[in-house]
Structure formats: C-alpha cells, structure tokens
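Q: coords please:
(chains A and B)
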Number of protein chains: 2
Amino acid sequence: MNDPKDKAAGPVPKAVVGRLSLYLRELEYLRSQGLETTSSTHLGSRLGITDAQVRKDLTHFGQFGYPGVGYRCRELVDRIKRILGTDRIWPIAVVGVGNLGRALLGYHGFESQGFRIEAAFDVEPAKVGKHVEGIPIHHLSELEPVVRARGIRLAILAVPATAAQAVANLLAEVGIEGILNFAPLTITLPQNLSSVEVDLAIQMEQLTFAVVNREQKS
Amino acid sequence: MNDPKDKAAGPVPKAVVGRLSLYLRELEYLRSQGLETTSSTHLGSRLGITDAQVRKDLTHFGQFGYPGVGYRCRELVDRIKRILGTDRIWPIAVVGVGNLGRALLGYHGFESQGFRIEAAFDVEPAKVGKHVEGIPIHHLSELEPVVRARGIRLAILAVPATAAQAVANLLAEVGIEGILNFAPLTITLPQNLSSVEVDLAIQMEQLTFAVVNREQKS
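A: Numbering: from 1, shown residues only, chains lettered A, B, ... in the order given. The predicted structure follows:
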C-alpha cells in the first residue's frame, strides 16, 4: 500500500509541509461532517490560497484527485498521513522533567495525530523512578536501553539551555532522529538529527490581529 | 503614521495572518543580513508559494512595494507589525500557575515579538503572593484591578479543563479581549473574546516529515 509517489521527489519548503498539516485538519473536519469529496478550490479557500497553489503543493508528492470528482477525502487523508509519516504511531521521549516537561506530559493535543509520549528522562534523583501522568521518569543514563526497547525515534528537548548541547549530542548518539524545541536553538545540531522549533509568538500574533481588527470594526 | 490602509478591508483567512508572521520572520532575518529590499518572488520561494500569492496576501491590507525596487524590508516589517498589531508592547496575563503556567512564565520566545507576561493568577493560597521568573502571582479575585492597572488585554488560559469555562467568562467580564489556548477549546467563547488554539501536533508532523524523508534519501 505504500505508494512510492507519496515521497517527495526533491526538497520541499517547510511551509508546504505546514500546509499539508492544515489540509489534513480540514479534511478530517470535512469527513467528520460526512463529506466524501472536496476540491482544491475549497481546501484553498479555507487557507486563503488559490486552488492552483493547493494542487502545486500536492504535486510535490505525486498525483491526486479525479477529474469531475475532485479529491476523495478519506484517500487524501490517508495519503497526506503517509507523506507526513503519521500513518503510524510515533513513541516520543520527553527529556527534562521541569515545568515544561511536566506540562508536555499532561498535554493532550498529540494523541489524536499519532504521537504518544512513552518515557521521560531527567537526572534529578527526586524525579527518577516516579511517574507523571502515568509516564515513567527514567535517569538519563538509561536513555539508550529505553529508547531501543520502546522504538523511540523522536524527543522533545525540555532541558535548561545550559544542558541542551550535551543532551542533543547524547540523543543523536543513541539514535534519536528528530527533536522538537521550545527555545531558539543555540546549539550545533549533530548530524542525522532533525530539529523543529516551536514559535508560540506566531499564535500570539494571530490573537493580536483578531483583537486589533475587531477593534476597528466595532 | 497609522495608515488606515493597514487594516483589513474584509474578513481575512486565518492562514493569511499566519503567513504574515512568516513574512515578518523572513524580513527580519533579511534585515539582520543587511538587505534593504526584497521581492515577492523571494518571500514566496522561502514559503513555497508563488509571488502572486504573496502579493495577494498583502493586497488585503493595501498597497505595498515599489516598481523596479520591490519591497523595502524595513518599511514592510513596520507595516506588517501594524497589521498584526505588534507595533506595540502587549502586556499579557497567564491564568493558572500549574506546570503549563510555570513553563510559560519561563518561556523566552515572546519578548522579541512584543509580548510581555506581566502578571499571573491562581487560586491556590500556596502560590498567591509568590513570584515565578520575576512575575507576581495574584489571586484570581484580583484579576480586575490588576488587568486594569497594567492595561492587560490578552491572557493565556492555563487552568485545568474543568475550570476553563468559568475562567473564560471571568476574563471576558473584566475586559480581556483575546485568549491563547493549549487544549482544544471545549468551552463556549464569551462574546467579545477572541481565541487562538495552539496545536503542537503540527510541529511534530513537520518533524516526522523531516525524519521520514531523510530515511528515504539515505
């Protein structure tokens, strides 16, 4: 079932990948409303882009859609998930169980998209051996066996900035392939480790836009 | 200096606003590299969209760019900030000082974009009166006077789900205009309160995409 066309032929801009996530959210919503098909015009209009842009985004990954029908929602959901790699469950490690780490262990926005936090790591004796939100906290020295045993390939880096470089090196050594960061990365990324940064200010800017523009209308 | 054209003439899709933030990040990067002008082609190529789409996005807000010159980076930065409403400092309240609240009080990704967490609120006597990361924790009953005194219009809702509705109502009552949410909103949004949801799974999907596509190449 794994269509090789669902892999990108060349480099894909990060923003195109971000739009795939938005198409996926919209398609899942349409399916929940009972719709079986949709169009590039509809998907584009929800995202404020042209139908041509929607088709161009998808063309990076092969052929989609049917003449006179458009896209079959279920099929497009499945294919976008394959493209994004979320056609499977990804076990995740949280490294660092401070405030951010604890908040992430209690965050419920990951599960529905196939991400499952399986293990947490810290070095403080008072934390190691405990469970937070049902998730075991291991000592960082146990990283390699736990990561191997649980098939963990992704980690969320939630350690203090001063420890970030050493921990990133360690993550790469034990075979972790991608890390999610909440602080602008001030470390040198080890080879074979991908990184995505979370910029919460973008969401705050959407909020100020909404507030400022309501201000004007009222 | 406040050009009325920098306000949207009609409804603007949320994704267009998200792209303004990305244009802004890119323009700020270009300025840091010493570039004074850029083009819709360049801005678009970084985001994987056409130059026509960039121009269309900006057309919602007026006229931009100069024939034969393109966009002046500094001017476009200033105008996008006015459009987004980030041409000023926004004092913010964090409501709920649990793990998420504490993590946010220590988050350093807001300041550079004009957001400043000024006050936090909770109802637990053990927390009230303390400071976290230099930010005072007030009792929720002090919300109104503190919000008024500090000119706070935006809040980050970091309370347990069971308290979310009551707190959202209270925030609207004291004049808060926008809230940032980390959980899918299960509350009825009071009138005059805008909301933006943070979906961290989108960033995780960018990460799996990077990992899965590297997998294929190697």
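
Q: For the helix or strand of chain A with the lowest mean pLDDT, give me every contacting residue.
A: In chain A, no helix or strand scores lower on mean pLDDT, DSSP states H and E than helix A:201-217, which sits at a mean of 85. The contact list for helix A:201-217 (Cβ atoms under 8 Å, 6 or more residues apart in numbering or on different chains) reads B:7-8, B:12, B:14, B:17-18, B:20-22, B:24, B:83-86, B:90, B:92, B:109-110, B:112-113, B:115, B:153-154, B:177-180, B:192, B:194-198. Where you see a C-beta, it was placed from the backbone N, CA and C, and this is true even at glycine.

Q: Give me the subset of these that also touch chain A.
A: B:7-8, B:12, B:14, B:17-18, B:20-22, B:24, B:83-86, B:90, B:92, B:109-110, B:112-113, B:115, B:153-154, B:177-180, B:192, B:194-198 (Cβ under 8 Å from any Cβ of the partner chain).

Q: just checking, which of those residues belong to helices?
A: Among these, the members falling in helices (DSSP state H) are B:14, B:17-18, B:20-22, B:24, B:83-84.

Q: Highest neighbour count among those residues?
A: Comparing those on neighbour count, B:I83 comes out first with 27 neighbours (neighbours: other Cβ atoms under 10 Å in any protein chain shown).

Q: Can you show me the CA trace of the least confident helix or strand of chain A as PDB?
A: Listed in PDB are the C-alpha atoms of helix A:201-217, where the atom choice follows Å, rounded to 0.1, in the frame of the first residue of the first chain:
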ATOM      1  CA  ALA A 201       4.700  34.200  19.200                       C
ATOM      2  CA  ILE A 202       3.100  33.300  15.900                       C
ATOM      3  CA  GLN A 203      -0.100  32.200  17.700                       C
ATOM      4  CA  MET A 204       0.000  35.400  19.800                       C
ATOM      5  CA  GLU A 205       0.300  37.400  16.600                       C
ATOM      6  CA  GLN A 206      -2.900  35.800  15.300                       C
ATOM      7  CA  LEU A 207      -4.500  36.800  18.500                       C
ATOM      8  CA  THR A 208      -3.400  40.400  18.400                       C
ATOM      9  CA  PHE A 209      -4.600  40.500  14.700                       C
ATOM     10  CA  ALA A 210      -8.000  39.300  15.700                       C
ATOM     11  CA  VAL A 211      -8.300  41.800  18.600                       C
ATOM     12  CA  VAL A 212      -7.000  44.800  16.600                       C
ATOM     13  CA  ASN A 213      -9.300  44.100  13.700                       C
ATOM     14  CA  ARG A 214     -12.300  43.600  15.900                       C
ATOM     15  CA  GLU A 215     -11.400  46.900  17.500                       C
ATOM     16  CA  GLN A 216     -11.600  48.600  14.100                       C
ATOM     17  CA  LYS A 217     -15.000  47.100  13.200                       C
END
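
Q: Distance from the chain centre to that helix, please.
A: 25 Å (Cα atoms, centre = their mean, to the nearest Å).

Q: just for chain A, where's the confidence low?
A: A:1-5, A:183-186, A:215-218 (pLDDT under 70).

Q: Neighbouring strands - and their directions - for the strand of greatest length in chain A?
A: Assignment by DSSP state E gives strand A:115-122 as the longest strand of chain A. Strand pairing for strand A:115-122, using DSSP bridges, gives strand A:90-95 (parallel), strand A:135-139 (parallel).

Q: And the strands in chain A?
A: Using DSSP E, strands in chain A cover A:37-38, A:71-72, A:90-95, A:115-122, A:131-132, A:135-139, A:154-157, A:178-181, A:194-197.

Q: and those as TSV, adding mean neighbour count?
A: Compiled in TSV, the strands of chain A are given as follows (neighbours: other Cβ atoms under 10 Å in any protein chain shown):
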stretch	mean neighbour count
strand A:37-38	18
strand A:71-72	20
strand A:90-95	24
strand A:115-122	22
strand A:131-132	14
strand A:135-139	18
strand A:154-157	25
strand A:178-181	24
strand A:194-197	18
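
Q: Out of those strands, flag the one nearest A:V147.
A: Closest approach to A:V147 among the strands of chain A is made by strand A:90-95 (6.6 Å; Cβ to Cβ).

Q: now the closest one, how far from the chain's geometric center?
A: Distance, stretch centre to chain centre, for strand A:90-95: 12 Å (Cα atoms, centre = their mean).

Q: What of stretch A:156-168?
A: 19 Å.

Q: which residues are contacting it?
A: With Cβ under 8 Å, 6+ apart as the test, stretch A:156-168 has contacts from A:92-98, A:100-101, A:104, A:117, A:140, A:171, A:179-183, A:185-190, A:193.

Q: List the contacts of A:N181.
A: Here A:N181 is in contact with A:157, A:195-198 (Cβ under 8 Å, 6+ apart).

Q: what's the closest non-adjacent residue to it?
A: Spatially, and ignoring its direct neighbours in sequence, A:N181 is nearest to A:E197 (4.8 Å; Cβ to Cβ, 6 or more residues apart in numbering or on different chains).

Q: wait, what's in contact with A:G96?
A: A:121-122, A:157-160, A:163, A:167.

Q: To clarify, my last question referred to A:F110.
A: Contacts of A:F110 (Cβ under 8 Å, 6+ apart): A:92, A:116-117, B:200-201, B:204.

Q: Report the separation between it and A:G101.
A: In this view, A:F110 and A:G101 are 14 Å apart by Cβ to Cβ, to the nearest Å.

Q: can you check A:V198 too?
A: Taking Cβ to Cβ, one finds A:V198 at 14 Å from A:G101.

Q: for A:V69, same thing?
A: 47 Å.

Q: Which one of these two is surrounded by more residues?
A: A count of neighbours by other Cβ under 10 Å puts A:G101 above the other of A:V69 and A:G101, at 26 against 11.

Q: which one is that one nearest to, not counting chain neighbours?
A: A:A158 (4.1 Å).

Q: mind checking the backbone torsions on the one you found?
A: The phi/psi pair for A:A158 (degrees, to the nearest 10) reads phi -130, psi 40.
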